[in-house]
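**Student:** give me coordinates for this.
(one chain, ligands or ions: 1)
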Amino acid sequence: MRRKFKVAVLGATGMVGVRFISLLVGHPWFKLVAAAASERSKGQRLREAVRWLPPQGLPEEILEFEVKSLSPKELEAADVVFSALPSDVAGRVEEEFARAGFAVFSNASSHRMDKDVPVLNPEVNADHAFLVEEQRKRRRWSGFIVTNPNCTAAVLTLSLKPILDGFGIRRVLVSTMQALSGAGYPGVPSLDIVDNIIPFIKGEEEKVERETLKMMGSPSKPASFKISASCHRVSTIDGHLEAVFVELGRKAEPSEVAEAMEVFQGEPQKLGLPTAPKPPIVVKGENDRPQPRLDRMAGGGMAVVVGRMRKDPGLNGVKYVVLGHNTIRGAAGCSILNAELLAAKRLIS
Ligand SMILES: NC(=O)c1ccc[n+]([C@@H]2O[C@H](COP(=O)([O-])OP(=O)(O)OC[C@H]3O[C@@H](n4cnc5c(N)ncnc54)[C@H](OP(=O)(O)O)[C@@H]3O)[C@@H](O)[C@H]2O)c1
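**Tutor:** Numbering: from 1, shown residues only. Down below sits the predicted model:
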């Protein structure tokens, strides 16, 4: 890389925003130059405005940043922005930044289903990245928007990719156990979730189903396999656990599927991108793994951990459990990996 890109985080005071900042500390290609959030936080020091901090904290010099407003003019020191805004504001704000020439890497759902906006999970569909060129031409923008998938779809699709490539997929059923941090900060009231499971997350099942097919198809056509998701909020802090049931395109033993996952390498691993986990999929043989507390930080939170691979007599295929860190692989880390991919492909300069 010739130089460090200057980056800003939009929604820097929230759960995903702070995760972005912590992953950008010491990044070899990106230097954080600004943090922005709502008018409520504008003008405060980041240390006063953040809603949450990771256990290791953030460097003092970053905590001293003044929180800026969400205006391209205020953030002109940056070339790239990472967006961790709620979707009701992200749509408009991200367009303003892309129009003003910024490369925008977004966690919000607002633009994910736009035809000319890639939903990128780089080990799964790096070949969709070039859609940004079509987007720029069509919208006459000097910048562009790249989105990463919903956290649940990010974890699911990474585990499905070697299955799709090696055996084909006819049908996927997934039942999720999703961590509290997935609801942002302050998130779900403690009196609703302690000693409880909430069997509904608004809009989640639809997002998982749509985004999985978009990512696993060609850039112009979604995949055609059937998918059905049931999503549930449980009282873990980080790490979404998903029970996955797959009808395969051809007959295969669970051991063959597990082996295909173990040896799988995506484009980020082949390109040696700084945030790429090696390996991207960790396969466990023990019956009681993966577990959120033990396994969510695999590969720095960027790998997914698969266990309990076995025959599925109902679907005549395989079933397994996959775990991934929702605010790292499922959010900020995936967005940073997307930016690394586009930088390596010289789509940002
Ligand atoms: N949490 C996850 O696991 C996860 C995973 C994937 C994707 N996402 C997506 O990432 C985005 C951020 O999620 P989060 O969990 O970090 O949410 P969060 O903790 O609620 O943080 C929201 C951020 O957006 C800012 N904000 C809120 N309302 C605003 C408004 N009206 N105008 C301008 N800024 C506003 C907040 O700034 P103030 O502090 O100034 O209010 C804060 O910085 C969402 O789109 C979410 O769906 C989250």
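
**Student:** just want the residue of the stretch 101-250 of the chain that's nearest the ligand.
**Tutor:** Using Cβ to the nearest ligand atom, the point where the stretch 101-250 of the chain gets nearest to the ligand is residue 184, with a distance of 2.9 Å. All C-beta atoms are positioned from the backbone trio N, CA, C, and that covers glycine.

**Student:** got the contact list for stretch 176-186?
**Tutor:** 14-16, 51-52, 86, 151-152, 187-188, 193, 197, 201, 204, 208, 229-243, 292, 326-327, 330 (Cβ atoms under 8 Å, 6 or more residues apart in numbering).

**Student:** of the residues you listed, grab the buried ones for PyMOL.
**Tutor:** In PyMOL, a selection of the buried entries from the contacts of stretch 176-186 looks like this (16 or more other Cβ atoms under 10 Å):
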select buried, resi 14+15+16+151+152+187+188+193+201+204+208+229+231+233+234+235+236+238+239+240+241+242+292+326+327+330
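
**Student:** what about the contacts of stretch 176-186, which are in helices?
**Tutor:** Counted as lying in helices by DSSP state H, out of the contacts of stretch 176-186, are 15-16, 151-152, 193, 204, 208, 292.

**Student:** now do the strands in the stretch 101-250 of the chain.
**Tutor:** According to DSSP state E, counting those that start in this stretch, the stretch 101-250 of the chain carries its strands in the segments 103-106, 144-147, 169-177, 226-230, 240-248.

**Student:** who's in contact with the second one?
**Tutor:** When contacts are defined by Cβ under 8 Å, 6+ apart, strand 144-147 is touched by residues 94-95, 98, 103-109, 111-112, 114, 117-120, 129, 132, 135-136, 338-339, 342.

**Student:** which of these come close to the ligand?
**Tutor:** Counting by Cβ under 6 Å from any ligand atom, the subset of the contacts of strand 144-147 that neighbours the ligand consists of 107-108.

**Student:** which of the contacts of strand 144-147 are buried?
**Tutor:** Neighbour counting by 16+ other Cβ under 10 Å classes 94-95, 98, 103-109, 111-112, 117-120, 129, 132, 135-136, 338-339, 342 among the contacts of strand 144-147 as buried.

**Student:** quick one: contacts for residue 303?
**Tutor:** By Cβ under 8 Å, 6+ apart, the residues touching residue 303 are 277, 279-282, 324, 329.

**Student:** so which of the residues you listed belong to strands?
**Tutor:** With strands identified by DSSP state E, the entries of those that belong to them are 281-282, 324.

**Student:** now residue 279: how far from the ligand?
**Tutor:** The gap separating residue 279 from the ligand is 23 Å, by Cβ to the nearest ligand atom, to the nearest Å.

**Student:** what's the farthest-apart pair in the ones in helices among the contacts of stretch 176-186?
**Tutor:** 193 and 208 (20.5 Å; Cβ to Cβ).

**Student:** of the contacts of residue 303 - the most surrounded one?
**Tutor:** The most crowded member of those is residue 324, carrying 34 neighbours; neighbours defined as other Cβ atoms under 10 Å.

**Student:** for that one, which non-adjacent residue is closest in space?
**Tutor:** Nearest non-adjacent residue to residue 324, counting by Cβ to Cβ, 6 or more residues apart in numbering: residue 155, 3.2 Å away.

**Student:** out of the strands of the stretch 101-250 of the chain, which comes closest to residue 214?
**Tutor:** Using Cβ to Cβ as the measure, strand 144-147 is the one of the strands of the stretch 101-250 of the chain that comes nearest residue 214, at 10.1 Å.

**Student:** follow-up on the earlier one: of the contacts of strand 144-147, which belong to helices?
**Tutor:** When DSSP H defines the helices, the subset of the contacts of strand 144-147 inside them is 94-95, 98, 132, 135-136, 338-339, 342.

**Student:** between those, which sits nearest residue 79?
**Tutor:** Among these, and counting by Cβ to Cβ, the member closest to residue 79 is residue 339, at 10.4 Å.

**Student:** tell me the bridge partners for the residue lying closest to the closest one once chain neighbours are set aside.
**Tutor:** Closest residue to residue 339 apart from its sequence neighbours, by Cβ to Cβ, 6+ apart: residue 105 at 5.0 Å. The residues listed as beta-bridge partners of residue 105 by DSSP bridges are residue 82, residue 146.

**Student:** could you list which residues are in contact with residue 105?
**Tutor:** 80-83, 146-148, 335-336, 338-339.

**Student:** repeat that for residue 330.
**Tutor:** Taking Cβ under 8 Å, 6+ apart as the criterion, residue 330 is in contact with 149-152, 154-155, 182, 240, 324.

**Student:** kindly state the pLDDT recorded for it?
**Tutor:** Predicted confidence (pLDDT) for residue 330: 98.

**Student:** would you mind listing what in the stretch 1-150 of the chain touches the ligand?
**Tutor:** Residues of the stretch 1-150 of the chain that fall close to the ligand, judged by Cβ under 6 Å from any ligand atom: 11-17, 37-38, 40-41, 51, 70, 84-87, 89-90, 107-108.

**Student:** same thing but at 5 Å, please
**Tutor:** Taking Cβ under 5 Å from any ligand atom as the contact definition, the stretch 1-150 of the chain meets the ligand at 11, 13-17, 37-38, 40-41, 84-87, 89, 107-108.

**Student:** with the stretch 201-349 of the chain instead?
**Tutor:** So far as Cβ under 5 Å from any ligand atom goes, the stretch 201-349 of the chain lies against the ligand at 326-327, 330-331.

**Student:** what count of nearby residues applies to residue 271?
**Tutor:** 15.
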